[in-house]
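Novice: the following block contains a protein sequence and its predicted model.
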Amino acid sequence: MIMLSNEAKQTLRNQLKAFGEQVQRLSPNHRAEARQLFEKLQLKGAIQALTPLEYCSQSVLELASRSLKEYEPTYAIDGGSTRLQRLENGTLVCAYQAVLSSDPDTRYKDLPLEAFRSLSLVSHSQRTDLGGAKSQQFPNEYVHFWRVHISRTYLEHEVERVVGSLARMAAESYHALRMLKELSPKQGLFIVDGNLYPIGLYYYLTGEDDIWPEENGPKTSWTEWKPAIEILAQPVRVVEAFRERGLALVGLNKNPGTSWLLEFTLDRESHNWSNDAQFIRAVLSGTPKDALGYTNWFVQEGYSLPQRRGESVESFDIFERLSSFGLLHAPKAYHVCFFYLFDPRVKAVLKVEAPRIVFEKHDPEKLRAQVLAEIAQGKGVPPAIRRADSRARITEEESASLIRACGVELDLSYNQSRSEMI
């Protein structure tokens, strides 16, 4: 199939060549520029350096050999979903399952860890004939199931984000707590695939007037629903449970898209990249192909308040405003500490997160070394994460079959229908 005519190809080539020449002329060495900016990061406000500011690289073989016995085995929690599906009657549904895996492989009750799963099914509807919001849990020795329905109680344009995030937390965070209690490990490293907290939803939960002015819409009342609070608080309960047992917990975000470094530590005229991952890639892009490049640990003390054009960036401590969670420790203990790494083997920047309270028991340098060792032993992700991902994934065929079970037709867009026909 011919997608571009010869004339169209030539036109695009000429324009792209001209654009590339302009970029290289105006910014001949963006990597050097990024490194110079990194060395001058303004780390006195919302983001600070937890360990001395640095970026460096080490051989994959050297990093892999530095695995520490105190962090064995490595456990990984990952989830898979049916993705958000909108039905013809106006409802939205998302099913999610969470799995715990380990490396080396661990068995529990003579079964693989993957035999134990936590499932959630979250739905939303504007319809009043389906009843109001409700939450039910169905515990089982092997499969725990959490059924959640939310009704017309919040900003409609955020419905997909809310449903998807609640489904993930109801499955993954619950499974982490459940398996931690069941296994009662004395040591090891636990890795959550993704962010530690759903910061976007925490913004809504803390949606006071000074955070979300009137022109941004009313406060989202769904956050006042008790089961929603219970689900939203689960990542915090996970952090507290790991602190109580003195175990190491990190989150591995394989697709970081935030811009906190750019926003809080660089002058606005230096924002030449669209997000932090792009900036860090430029800083670390000289990493040899057989090595990993990485930064120091940072800590995020605050998150940005909405701002109008021309206003300076202000921040607030989001955890200070989560009083409805009943925090067991000072808000500072829950702050996200993070470092970035670049793996040339997969040409990707990853972000590693850890709750600040973890460092009461674990040295930051040792924990970073162990995470780097795990990634070096894998390719882009630790072996335990790769195993959990393969066990948790719900295929497109399984997803379609499961959704068809409800007997209501999918409300497909043109592109979705077209992809099904292909």
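Specialist: Yep, that arrived. Numbers count the residues shown, from 1 in each chain.
Novice: for residue 91, grab the count of nearby residues.
Specialist: Per other Cβ atoms under 10 Å, the neighbour tally for residue 91 reads 18. C-beta: built from backbone N, CA, C; applies to glycine.
Novice: check residue 19 too.
Specialist: 10.
Novice: what's the longest strand in the chain?
Specialist: Assignment by DSSP state E gives strand 92-103 as the longest strand of the chain.
Novice: may I have it exported as CSV, CA atoms only?
Specialist: Extracted as CSV, the C-alpha positions of strand 92-103 are listed here (Å, rounded to 0.1, in the frame of the first residue of the first chain):
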residue,chain,number,x,y,z
LEU,A,92,-18.1,3.1,31.4
VAL,A,93,-16.4,-0.1,32.7
CYS,A,94,-12.8,-1.2,33.5
ALA,A,95,-11.7,-4.5,34.8
TYR,A,96,-8.2,-4.8,36.4
GLN,A,97,-6.2,-7.6,37.9
ALA,A,98,-3.0,-7.4,40.0
VAL,A,99,-0.3,-10.1,40.3
LEU,A,100,2.8,-10.5,42.5
SER,A,101,5.9,-12.2,41.1
SER,A,102,9.4,-12.7,42.5
ASP,A,103,12.9,-13.3,41.3
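Novice: now do the buried residues in that strand.
Specialist: Across strand 92-103, burial judged by 16 or more other Cβ atoms under 10 Å covers 92, 93, 94, 95, 96, 97, 98, 99, 100, 101, 102, 103.
Novice: low pLDDT regions in the stretch 1-150 of the chain?
Specialist: Along the stretch 1-150 of the chain, the model assigns pLDDT under 70 to residues 1-2, 23, 25-28.
Novice: now with 90?
Specialist: Applying pLDDT under 90 to the stretch 1-150 of the chain flags the ranges 1-31, 82-92, 106, 125-133, 139, 150.
Novice: and the helices in it?
Specialist: 6-26, 30-39, 60-64 (DSSP state H, counting those that start in this stretch).
Novice: buried residues, stretch 288-306. List them.
Specialist: Counting neighbours by 16+ other Cβ under 10 Å, the buried set in stretch 288-306 is 291-304.
Novice: can I get those residues in a markdown table with secondary structure and distance to residue 46?
Specialist: Converted to a markdown table, the buried residues of stretch 288-306 look like this (DSSP: H, G, I helix; E, B strand; the rest coil; distance: Cβ to Cβ, whole Å):
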| residue | secondary structure | distance to residue 46 |
| --- | --- | --- |
| 291 | strand | 31 |
| 292 | strand | 27 |
| 293 | strand | 25 |
| 294 | strand | 22 |
| 295 | strand | 17 |
| 296 | coil | 17 |
| 297 | coil | 16 |
| 298 | strand | 10 |
| 299 | strand | 10 |
| 300 | strand | 7 |
| 301 | coil | 5 |
| 302 | coil | 4 |
| 303 | strand | 7 |
| 304 | strand | 7 |
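Novice: between those, which is nearest residue 318?
Specialist: Nearest to residue 318 among the buried residues of stretch 288-306, counting by Cβ to Cβ, is residue 303 at 5.0 Å.
Novice: contact partners for the closest one?
Specialist: Residues near residue 303 by Cβ atoms under 8 Å, 6 or more residues apart in numbering: 46, 199, 203, 260, 315, 316, 317, 318.
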